[in-house]
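Novice: need a 3D model of the sequence below.
(one chain, ligands or ions: 2)
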Amino acid sequence: MQIGVFGGTFDPIHMGHLIVAEAVRVRLKLDKVIFIPAGNPWLKSERNVTDGEHRHAMVKLATDPNPYFEISRMELERPGPSYTVDTMDELKQTFREGDEPYFIVGPDALAAFGRWKDPERLIRMCSIVAVKRPDVDAIDVSSLEREMPWLSGRIKQVDVPLIGISSTGIRDLAAARLSIRYLVPREVAEYITQYQVYQI
Ligand code: ATP
Ligand code: MG
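Specialist: Ligands and ions are numbered 1, 2, ... in the order given. All right, here's what the predicted structure looks like:
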């Protein structure tokens, strides 16, 4: 099977994530996409990330209606910072012969790639699928490949609809008690209201 892997803080999950995951699934004919909410997001230690159980619950609500989407608690349950290479190791143990992982990243995540744990080993374990987003500068993949020659040919760029939605924007709107309708699935908006996830 061809398996998409989509890691993120998902604080909260939004339509941008869902549209990207579905578009990549269709374009690359993936059999499924596994969403993996980060446990302790080491690159974001400057702000308080919402409790993992809330983030997981929202990803579950958002992905349940799509039979091709799954969710994994792996990073939430592993103590310490969530490194993608460790996640890939753990995920591979559940794989069968012939299963191939495709790790989906936006430009912000890809820009930090050189600072990930063991990027050279990670790149041997999965293909990287790079997507664009309109609110973040595009990444020049060839200059990335010049910096890290072992990356060459390992990053697959896939065109997806450009959606200018970010979790940061949604948290700000929710904190100001403004509408987040259409930016997140209805169930997620209701969850945020019910549990006052982003009220300060
Ligand atoms: P935050 O504003 O808190 O950083 P975010 O919207 O960037 O949240 P993350 O959970 O940090 O969401 O992102 C997870 C992954 O999804 C990253 O690889 C990111 O680049 C990608 N991503 C998030 N939003 C979009 C979008 N609108 N279009 C394309 N990719 C996206
Ligand atoms: Mg982000």
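
Novice: quick one: low-confidence parts of this structure?
Specialist: 40-46 (pLDDT under 70).

Novice: so where do the strands sit in it?
Specialist: Counting by DSSP state E, the chain has strands at residues 2-8, 32-37, 69-71, 100-105, 127-130, 155-157.

Novice: would you turn these into TSV with distance to ligand 1 and mean neighbour count?
Specialist: (Glycine included, C-beta is placed from N, CA and C.) Output for the strands of the chain, formatted as TSV (distance: least, CB to the nearest ligand atom, whole Å; neighbours: other CB atoms under 10 Å):
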stretch	distance to ligand 1	mean neighbour count
strand 2-8	3	22
strand 32-37	8	23
strand 69-71	14	19
strand 100-105	4	21
strand 127-130	9	21
strand 155-157	13	16
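
Novice: could I get those as CSV with distance to D140?
Specialist: Formatted as CSV, the strands of the chain follow (distance: least, CB to CB, whole Å):
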stretch, distance to D140
strand 2-8, 23
strand 32-37, 26
strand 69-71, 31
strand 100-105, 15
strand 127-130, 11
strand 155-157, 11
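
Novice: those: which one's closest to H56?
Specialist: H56 lies closest to strand 32-37 among the strands of the chain, at 5.3 Å (CB to CB).

Novice: now do the closest one against strand 2-8, angle only.
Specialist: In terms of direction (axes from the mean of the first three to the mean of the last three CA atoms, to 10 degrees), strand 32-37 departs from strand 2-8 by 20 degrees.
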